[in-house]
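Novice: 3D, please:
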Amino acid sequence: MYPTSPPPDPHLDPATDLVPTADDIPSQVEPTDAGHPTADHVMTDFVANDDGADAADERAVIVAVTPVTPARESSAASVASFIKSQDFATPRAHTTHASRETGNQTEIRDLLELELDDGVQADKAWLGSLYQDLASDEAVEEYLQNCGLYQKKRWIDIPVAPASERVLYRPYRTILNSIFNHFGLSGPGGTVRRAIDTHRKHLSHASTARGNPTTQWTSPDISVEASGHSFTLPSNITKYTIGYPNMATYLDGKLDKDAGKDHLPQMGSQMFIQQPNRKFVRSLLFTEQKACVFHFDRSGAQYSPFFDVHAGAATFVRIILGLCSTDERVLGFDDSVQWTVGQDGKRTGGALKTINSEGEPVEYDLVMGEAIFVRSSIRGRGTVCWPVRDREKGKRFIVKDYWMSQGRTPEYDYLKRVKGMDGVCNIISYETGRGETKDYRGSTQGFTSTEFHNRKAIRIVIDAYGTSIDNFTSPEDLLAALRDAIAAHERLNFQNILHRDISHSNVLIGLDIDDKGNRGILIDLDMAIGSERTIADLGEDFRTGTPLFWPLVALKGFLSTSLAPEDAPAHDYLDDLEAFFWIYFFLIFMFKSNGEEAAEGDIQKQYVVHWRAAPEAAWKAKYLSIQEDWSIEELKASLDQSWYSTPCIELFVQFRKYMCDLVLPKCKGIAMKAEPLPDGSAPNRFAKILAASDKHYTYILGLFDDALKKVERAPRPNPEDFQPQRRPRTRSLGPARQPEPVIIPQDQGLSRGSKRRTQEAAEEESPTKPKRKRPIGRSGLSQSVTAVSQDAGSG
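Specialist: Predicted coordinates:
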């Protein structure tokens, strides 16, 4: 009954096997049903046909029966402006944005190293400029003369020829604590700093599941325990008093002969995640003879030249004072976010300062019962979303902090243009001038654009909405939210705005299911572009979209060895529509119709689970997924039976066929391109396909409108008969499968491992009780995120 094509091959060679061959997949050129054209027909009509045959064009994109949906404003003019000027893509690169889909913690480590691309070495001037105002030369010299640990220009307890790096931990820890005591960094009133040997302690990572423990951990060689307004006790306080939530910095030991740039970025990543108001993280790599400062921010990694810790003892002391400072701004914290910490080390409240719509200072209360959403990668936007409440009116908002790539149009410009638009998040205010990554790195003039790209801190306040679409509780929830989000996407096109980042976490369920047009809300326009953007502008971003929902053309362009990255096709509105399709495909196959996790059938095992594999396997799995012409009976064999009585299966069949006939021709025509025009623009290679935008939106929205009519005629379940339960989410957001959002649980589980190798096993849960009016929920606001509880020590 099932197709005989094999599952995607994780060893697929993109240079020779980018498109699955006839041996891999059933033929995609056989007719599917009467009146429905094949991929080859579409390719002929849209790409090879130059005679302007409008009838053929229409035949290629409209199946036999076109659903009827109300007339809307035409997006053709807006799409035409994209077609005229944009043909080349934003570059894509390795990122831990995808790591949650591709493997365990070891793979995340490897991907982090690729993401940071070895970092860049700063000049000696940067090292010499660090922390000069923290202690005078006289104060440092007085310490060195009287500490009893430094004699004859050498730290006497550090062995000259240690047998292993572990021999170094105790003398370095002793020196650090001596510095803390002498300079007053360990005492009462939130000024505690204490160096601890943690090379055998399993410091838990942020959980990869909402409300469930994780087994991921790492073990810094030396950790500096801290207390203060930005720190809180770790959740596993019964086992350790130190963890990433209360760590000022960490130190990594090496033997001198082994010292290089291998400085475990996972630990820096966890500090960003578990200390969400961090602007940058700094740490130290040390040997028996020398040391090196590492700096992590949203532009990537930077490291200093090695310096001699013995001959340069004064520099070493200053570096330690800075890395462990009791001034949280020196440590790299954003002090516009402040928590109140009780005597037990746990947070009891918090506040966030920003400006209102009039440009006046305003202070919101942090909603302590809700999680903070944090993007999981180091390099990139670094999105953090804070749930807040207005003190006077009690109204709830989401404050979004992110780091905009220099040269981009800021998200707030787009949100101001569409303020009040149905289906798009509503902006309240925004704040700029909050810092740039170049501010923390010394001189960046010697770096190339590939080595360093500046990012600017942006803060936006928007209305709060419901939870992300993967938390749907009924077919009506799912269909209405997705339908209104697609309609909002078209409205953005009317305004010459292309979203480019469609994912389950960027489609929110509206607060009122009867508020048509706002049953689904599109958020996160920080990757959006306008039609006026030229080729030069398209290179300003590191990546576009969520890997789990990347369109096939993007995956093929990412993998191609014959197509230069700068020649890959530009992201277009059909790529976003394809992402909507992948979301729908994913949700109905991985969940029951009430949103609970479903058992895996053959389609899930042979296709869907591979979407979140490495790009090569993901490409092949998605290609197979969209071209397979499954029958209703075959689909039912893999779907949970709760979908059988809904119109969702029929919608899937029609949606898949339609997208197949648009997507496969684009994959075939990826190598075709037009030469740039003198003004820097380039006509789009898919112009003929893209020109039929009104037909595409009309048909797809019609599918959802027809399905919703059938759902609305169905009897509603009696809420009294529905027994809600908290359910684990292992499919959409579980280990190696895009765990977003994730949360630090009350008690984290641990497993055996080492500081370089850890394992991950986690689940996610969310409420299932259907409601007509929905409470304001965690809005996500970014893809590939980590949700961090505001008090890691409380549930």
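
Novice: the helices in the stretch 151-300 of the chain, which residues?
Specialist: Secondary structure of the stretch 151-300 of the chain (DSSP state H, counting those that start in this stretch): helices at 169-182, 265-274.

Novice: buried residues, the first one. List them.
Specialist: Applying a neighbour-count criterion of 16 or more other Cβ atoms under 10 Å, the buried positions in helix 169-182 are 169, 171-173, 175-180, 182. All C-beta spots, glycine's among them, are computed from the backbone N, C-alpha and C.

Novice: and of those, the nearest to residue 591?
Specialist: residue 169 (47.7 Å; Cβ to Cβ).

Novice: returning to that earlier point: check the helices of the stretch 151-300 of the chain for me: which has the lowest mean pLDDT.
Specialist: Of all the helices of the stretch 151-300 of the chain, the minimum mean pLDDT falls on helix 265-274 (a mean of 88).

Novice: count the neighbours of residue 134 for me.
Specialist: Number of residues near residue 134 (other Cβ atoms under 10 Å) recorded here: 18.

Novice: ok, now which ones touch it?
Specialist: Listed by Cβ atoms under 8 Å, 6 or more residues apart in numbering, the contact partners of residue 134 are 318, 321-322, 325, 330.

Novice: helix or strand with the lowest mean pLDDT in this structure?
Specialist: strand 765-766 (a mean of 28; mean pLDDT, DSSP states H and E).

Novice: so can I have CSV of the helices of the stretch 151-300 of the chain showing distance to residue 495?
Specialist: Formatted as CSV, the helices of the stretch 151-300 of the chain follow (distance: least, Cβ to Cβ, whole Å):
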stretch, distance to residue 495
helix 169-182, 55
helix 265-274, 34
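
Novice: which one of those lies nearest to residue 314?
Specialist: Closest to residue 314 of the helices of the stretch 151-300 of the chain is helix 169-182 (Cβ to Cβ; 11.7 Å).

Novice: what residues are bridge-paired with the closest residue to residue 357 other than its chain neighbours?
Specialist: Leaving aside its chain neighbours, residue 357 sits nearest to residue 429 (4.6 Å; criterion: Cβ to Cβ, 6 or more residues apart in numbering). On the basis of DSSP bridges, residue 429 is bridged to residue 461.

Novice: confidence score at residue 429?
Specialist: Residue 429 is assigned 97 on the pLDDT scale.

Novice: ok, residue 691 next?
Specialist: For residue 691, the pLDDT comes out at 86.

Novice: tell me how many other residues crowd it.
Specialist: Other residues within reach of residue 691, judged by other Cβ under 10 Å, total 18.

Novice: and it, how far from residue 234?
Specialist: According to Cβ to Cβ, to the nearest Å, residue 691 stands 56 Å off from residue 234.

Novice: name the helix or strand for residue 387, please.
Specialist: Residue 387 belongs to strand 384-389 when assigned by DSSP states H and E.

Novice: right, and residue 254 touches residue 284 too?
Specialist: No. Here residue 254 does not reach residue 284: they are 11.1 Å apart, not a contact under Cβ atoms under 8 Å.

Novice: quick one, which of these two is more surrounded?
Specialist: Under the neighbour definition other Cβ under 10 Å, residue 254 and residue 284 were set side by side, and residue 284 has more, 25 against 20.

Novice: what distance do you get for that one to residue 222?
Specialist: For residue 284, the distance to residue 222 - Cβ to Cβ - is 9 Å.

Novice: any shared contact partners between the two?
Specialist: Residues touching both residue 284 and residue 222 (Cβ under 8 Å, 6+ apart): residue 251.

Novice: contacting residues for residue 646?
Specialist: Residue 646 makes contacts with 475, 593, 710-711, 714, as judged by Cβ under 8 Å, 6+ apart.

Novice: state the distance from it to residue 502.
Specialist: 23 Å.

Novice: repeat that for residue 402.
Specialist: 17 Å.

Novice: looking at those two, which one has more neighbours?
Specialist: Remark: of residue 402 and residue 502, residue 502 carries more neighbours, 27 against 24, as counted by other Cβ under 10 Å.

Novice: low-scoring pLDDT stretches of the stretch 501-650 of the chain, where are they?
Specialist: Scanning the stretch 501-650 of the chain with the threshold set as pLDDT under 70 gives 531-546, 560-563, 565-566.

Novice: what ranges does it have for its strands?
Specialist: 507-509, 520-522, 529-530 (DSSP state E, counting those that start in this stretch).

Novice: for residue 586, which of those is the nearest?
Specialist: Checked against Cβ to Cβ, the stretch from the strands of the stretch 501-650 of the chain lying closest is strand 507-509, at 11.9 Å.

Novice: and the closest one, what other elements does it pack with?
Specialist: helix 475-494, strand 520-522 (3 or more Cβ pairs under 8 Å, 6 or more residues apart in numbering; DSSP states H and E).
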